[in-house]
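In: Mind looking at a prediction? Sequence and model below.
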Amino acid sequence: MYGKILRVSSADEKYISGEYKHISCGKAPMRDKEGNMHYLETNDPRIIKGEFTSIQKGIAIVKDNEGNTFSVSVEDERLKSGELVGTQKNTITVKDKKGNKFRVHKNDPRYLSGELVGISKGMSSPVKDKICYTNGIQNIFLSKLENPPDGFKQGMTIKRKDKKMKCVHCNGVYDIANFKRWHGDKCKRKSFTEITRFFD
């Protein structure tokens, strides 16, 4: 039955075990140079060659003054004028007294009153009251009573992020750390739910 399309419950044992996979698993909707849409495997060599690009290329998810969200071209004049802004603008990630985390507007009464606080509130830094030493490559933190190893002196080396990687799902270019954390197989553009149509 490999390759056949079936409709099953999300609680189906074969779906949970991985024997059945969502029809969009490992695939992404892409656009060719003529603007035609195709549904391709994410490792398709034509994507790497640049023959196909993400359908999200040149698109920004924005919100208006009333909080309505939608997608527009990055060249949209309303985006340039500030009439439309990114969905995360003027928001902050917070937590409540139970530790639940979510995003709210910076002017949210619960945040202003202290009912909600920033997610780092109350957390202690593991390097607090310690001194940073570097050998030009590696940074280490020692207490004031500890002596640094040979070759280390007080200071910090900032690692450069010159090397970039391109995500085939959202078509963005990112430094290595951000790519590994948010993109590639973890990219939010990778999975599309309830897709039942293929584009040829």
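Out: Arrived safely, thanks for sending.

In: looking at the protein, which residue lies furthest from center?
Out: Relative to the C-alpha centroid of the chain, counting by CA atoms, centre = their mean, Leu145 is the outermost residue, at 40.6 Å.

In: What are the boundaries of the helices in this structure?
Out: Secondary structure of the chain, counting by DSSP state H: helices at 13-17, 45-48, 77-81, 109-113, 176-182.

In: wait, which of the ones you listed is closest to Leu6?
Out: When those are compared by CB to CB, helix 13-17 sits nearest Leu6, at 9.4 Å. The way it works is simple: take the backbone N, C-alpha and C, and place the C-beta from them, glycine included.

In: what residues are up against Gly172?
Out: 166, 183 (CB atoms under 8 Å, 6 or more residues apart in numbering).

In: ok, now how distant is it from Lys188?
Out: Separation of Gly172 from Lys188 (CB to CB, to the nearest Å): 11 Å.

In: and if you look at Ile47?
Out: Distance from Ile47 to Lys188, by CB to CB: 18 Å.

In: so what's Glu75 closest to, chain neighbours aside?
Out: Gly58 (7.5 Å; CB to CB, 6 or more residues apart in numbering).

In: That neighbour: neighbour count?
Out: 13 (other CB atoms under 10 Å).

In: Give me the phi and psi for it.
Out: When read as degrees, to the nearest 10, the backbone of Gly58 gives phi 80, psi 10.

In: Please report the distance of it from Phe52.
Out: 14 Å.

In: same check, this time on Lys186
Out: Using CB to CB, Lys186 is found at 21 Å from Phe52.

In: Same question for Ser81.
Out: Taking CB to CB, one finds Ser81 at 32 Å from Phe52.
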